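K.L.:
Build me a model:
(chains A and B)
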Amino acid sequence: MKHLLCRSFVPVVCAGSLFLGATANVFGEESNSFFKSIFPLSGEYIAEETYVGDGDVRRGPHKGVRDFDENDSILQLVFTPRIKLGVLRLGAAWERFSFGFPDSAPLPDTLQSVNLVIGLDTQLSDSILIRVEAQPGVYNTGLDDLSDDFNLPFVIGGTYIYSPDLQIILGVGVDVERKYPVIPAAGIRWRMGRQWVLDAVLPTPRLEFEMNRDVTLYAGANVKQTNFRVDDHFGDAHGIPRLDHAILSYSEVRTGAGLDWKISPVITATGEVGYQPYRDFDFYRADIRYHHDGGAPYGMISLHGAF
Amino acid sequence: MKPKMLNFQGYFPAKACGLLVLLLLPHLGSTIARADPVSELAAFSIFDKVDLAQLARSEVKTAHGPPMSNPRFLAVQSCYVTPGAPDRQVEALRRWDPTKHRELKLFLHSDLPSNPTAANFEKLRNAPDNGSVRSFVAATQKLSSDLQISRDEAKKFPGGGGGGAIPASVAAFWADVLAARTKSFVSGGMSGQPPYDHAGPSIRASDEVNGLLREQEKIRRQFSGLLGATGIGRGAGSLKPELYWELLDVDNQGVVTLGASYSRGGAGGAYQSADVLYYASGGYYVALTLYQMWPVTVEGKASTLVWRGDMISAASLGSLHGVERLGSESVMMKNISKAVTLFRRDTSGGR
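P.N.:
Next up is the predicted model:
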């Protein structure tokens, strides 16, 4: 008798990470029972802080905002209970960009999102996984006026499992407040060797080197774009009335290198440093855009994991 | 392996069978034999609705097993229809050589006598020189914490290197470990196996396989007669196992493993088989595959309805959550489909 054994238990990246920043835990140990006693459901979490040094943006030849820094804070907790259809994703997330603009700058010094995470990972066949995930919430410049700052971006994506070592990811991200509401994307996750993984999937494409069971080094990028609505009097306050209650698309790209250190089965610490080569503030409906004019170094620390 | 006949319980009452035949007659000429197995299949497996005629025309049907509370455990079930009677399937499984399919990443396979010596593992010296085997050798030479051996076994490693894909000292070490574990299995079943405690908490393969079966009660009940006569999860049973060892790849790491197969026939030409990998040097703690085979007639031809349950316990599964776990299950299902498809192609001329 021949066993015809399944011989691979590698994690498979999911299409939803194309737009939503899902993280893949590539380590191999069992969950911590202490964590399970607090959260009886399985789930994942992230707490992350990034500081970007002084950079510049410019609007036309004469207007610009110079030497401002940035803090980007993220908290997210998503429960992932198993149901017959697949894996539910239910949770909440908060992200806040704080910019050190001078008082006169016609840009909001805070951009903030508070949203739910509602999604489902399911299996279409033994080769195809599908993720549908919506992030309904408030995307604005603070919590003082929530009147109609609601938005509901969502993603639909699929992962084709070509082999345990190679997965192909396709998907679309939909946000009606974006200049281009539907953006398609594609990527691959390829285990090139025992220690090397090319995880070329947005928003965090990476080349990873697994030093050992607990430490992974990587180099890559982080691509961010979110749409926020500024408050009802933002334009008046800055002498540009058409910016009242306007949509601002904020985009940035970070490139850097970092280290994931698995402290325990459910806690991974990440440190990353690099350079931010691109940033853009675009009130595209009002045709006012501050584009990148000077990059800046950044540092990021994060605690994340799954339980 | 010589399948032993025994008195299986009857599969389905004749009256109910007749009623089902009336209901199913319009469907492509399957006969009386189809109703019993389908009902029995539905009673213990995840496949509660199977159309034999449709299944006979399609590829392997796979599905996730029931969710299990132990995060190290994973189960997948599959079913398919294949030409020929069950005894022919059992014989074909016995004769099939998966090593000729490189994509299955099974490098070496060798049957073992019931009283093996280190000489029965000489093929290790002929292992291919590839990344998986090199990783296996490197892990052995530094007695890596990833190695699943006992403390006593670790003490016996002499160190040293040598030429070849697997140096002589490494091959000799593993030959001794595997021979001793095989003898221990023959005399004391899985209960007699030394634990994996070389570099971590003590794990016993018998506990793992019993845990897997405990969490799938319907399957455990369906196979209780067979399993009770084997050494799977317990002391040596009354059935004589067919023993073998393999060198294979698990997640790009070479792994040596020991297996035992049991099979026996039941009433009406049905068969049950159990195949356990009761020892692995890494990658997984234990793996068990159960087969239930029923004779059926599909479109006038003698065929076999095969249900297969694959269950595995692996440390690396414990860290997978959410979509990662879903993905790993998909990979497992895909691998099983691939292996079964190759088996069917090799043994029945393809479908």
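
K.L.:
which residues in chain A form helices?
P.N.:
Shown for chain A, the helices assigned by DSSP state H span residues A:17-20, A:33-38, A:234-237.

K.L.:
Show me what from the stretch 101-250 of chain B comes close to chain A.
P.N.:
B:104-105, B:109, B:131, B:135, B:146, B:242, B:244, B:246, B:248-250 (CB under 8 Å from any CB of the partner chain). The C-beta positions use only the backbone N, C-alpha and C, and glycine is treated the same way.

K.L.:
ok, longest helix in chain B?
P.N.:
Assigned via DSSP H, chain B shows its longest helix as helix B:322-348.

K.L.:
how far is it from where the chain is centred?
P.N.:
13 Å (CA atoms, centre = their mean, to the nearest Å).

K.L.:
and what of stretch A:287-296?
P.N.:
Stretch A:287-296 sits 21 Å away from the centroid of its parent chain (CA atoms, centre = their mean).

K.L.:
In that stretch, which residues are buried?
P.N.:
The neighbour-count check on stretch A:287-296 (16 or more other CB atoms under 10 Å in any protein chain shown) flags A:288-290, A:292, A:295-296 as buried.

K.L.:
can you count the residues close to the closest residue to chain A within the stretch 201-350 of chain B?
P.N.:
Using CB to the nearest CB, B:Gly327 is the residue of the stretch 201-350 of chain B that sits closest to chain A, at 2.6 Å. By other CB atoms under 10 Å in any protein chain shown, 26 other residues sit near B:Gly327.

K.L.:
That one reaches A:Ile161, doesn't it?
P.N.:
Yes - the pair formed by B:Gly327 and A:Ile161 meets the contact definition of CB atoms under 8 Å, at 6.8 Å.

K.L.:
circling back: make a ChimeraX selection of whichever of the residues of the stretch 101-250 of chain B next to chain A turn out to be buried.
P.N.:
Buried residues among these (16+ other CB under 10 Å), as a ChimeraX selection:
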select /B:104,105,109,135,146,242,244,246,248,249,250
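
K.L.:
Please narrow the residues of the stretch 101-250 of chain B next to chain A to those residing in strands.
P.N.:
Of the positions in those, B:109, B:242, B:244, B:246, B:248-250 sit in strands, assigned by DSSP state E.

K.L.:
just for the chain, where's the confidence low?
P.N.:
The chain I'm using is chain A. A:1-39, A:144-148 (pLDDT under 70).

K.L.:
I was thinking of chain B, sorry if that wasn't clear
P.N.:
For chain B (pLDDT under 70), the answer is B:1-35, B:161, B:348-351.

K.L.:
Helices of that one, start to end?
P.N.:
Taking DSSP H as the test, the helices found in chain B are B:14-24, B:35-44, B:52-57, B:86-95, B:131-141, B:151-155, B:168-188, B:205-214, B:217-222, B:224-227, B:322-348.

K.L.:
still on that earlier bit, and the longest helix of chain B, what other elements does it pack with?
P.N.:
Applying 3 or more CB pairs under 8 Å, 6 or more residues apart in numbering or on different chains; DSSP states H and E, we find helix B:322-348 packed against strand A:86-99, strand A:110-123, strand A:128-134, strand A:154-163, strand B:61-64, strand B:73-83, helix B:86-95, strand B:301-313.

K.L.:
one more time with 7 Å, if that's ok
P.N.:
Using 3 or more CB pairs under 7 Å, 6 or more residues apart in numbering or on different chains; DSSP states H and E, the elements in contact with helix B:322-348 are strand A:86-99, strand A:110-123, strand A:128-134, strand A:154-163, strand B:61-64, strand B:73-83.

K.L.:
report the angle between the axes of it and strand A:86-99?
P.N.:
140 degrees (axes from the mean of the first three to the mean of the last three CA atoms, to 10 degrees).

K.L.:
List the buried residues in helix B:322-348.
P.N.:
B:322-340, B:342-344, B:346-347.

K.L.:
Please apply the same query to stretch A:218-235.
P.N.:
Neighbour counts over stretch A:218-235 (16+ other CB under 10 Å) mark A:218, A:220-231, A:234-235 as buried.

K.L.:
show me which of those neighbour chain B.
P.N.:
For chain B, no contacts are drawn from those by CB under 7 Å from any CB of the partner chain.

K.L.:
Tell me the one of these nearest A:Ala269?
P.N.:
A:Tyr218 (13.6 Å; CB to CB).

K.L.:
Contact partners for that closest one?
P.N.:
A:206-208, A:257-258 (CB atoms under 7 Å, 6 or more residues apart in numbering or on different chains).

K.L.:
Give the ChimeraX command for selecting the buried subset of those.
P.N.:
This is the ChimeraX syntax for the buried subset of the contacts of A:Tyr218, where burial follows 16+ other CB under 10 Å:
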select /A:206,208,258
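
K.L.:
Of the contacts of A:Tyr218, just say which sits nearest to chain B.
P.N.:
The closest of the contacts of A:Tyr218, once distances to chain B are taken by CB to the nearest CB, is A:Glu208, at 14.4 Å.

K.L.:
how about the nearest residue to the residue most central in space within chain B, chain neighbours excluded?
P.N.:
In chain B, the residue lying closest to the centroid (CA atoms, centre = their mean) is B:Thr289, at 3.2 Å. Among residues not flanking B:Thr289 along the chain, B:Asp275 sits closest, at 4.6 Å (CB to CB, 6 or more residues apart in numbering or on different chains).

K.L.:
and if you look at A:Val78?
P.N.:
A:Gly91 (3.2 Å).

K.L.:
what about that neighbour, distance to A:Tyr139?
P.N.:
Counting by CB to CB, to the nearest Å, the gap from A:Gly91 to A:Tyr139 is 17 Å.

K.L.:
A:His245 is in contact with A:Asp236, isn't it?
P.N.:
No - counting by CB atoms under 7 Å, A:Asp236 is not a contact partner of A:His245; they are 10.4 Å apart.

K.L.:
between these two, which one's more packed in?
P.N.:
Set A:His245 next to A:Asp236 and count neighbours by other CB under 10 Å: A:His245 wins out with 17 against 12.

K.L.:
ok, the more buried one - contacts?
P.N.:
Here A:His245 is in contact with A:229-230, A:232 (CB under 7 Å, 6+ apart).

K.L.:
make it 6 Å
P.N.:
A:Asp232 (CB atoms under 6 Å, 6 or more residues apart in numbering or on different chains).

K.L.:
where does it fall, phi/psi-wise?
P.N.:
With angles defined as degrees, to the nearest 10, A:His245 sits at phi 60, psi 30.

K.L.:
okay, now A:Gly239: neighbour count?
P.N.:
Neighbourhood size, A:Gly239 [other CB under 10 Å]: 9.
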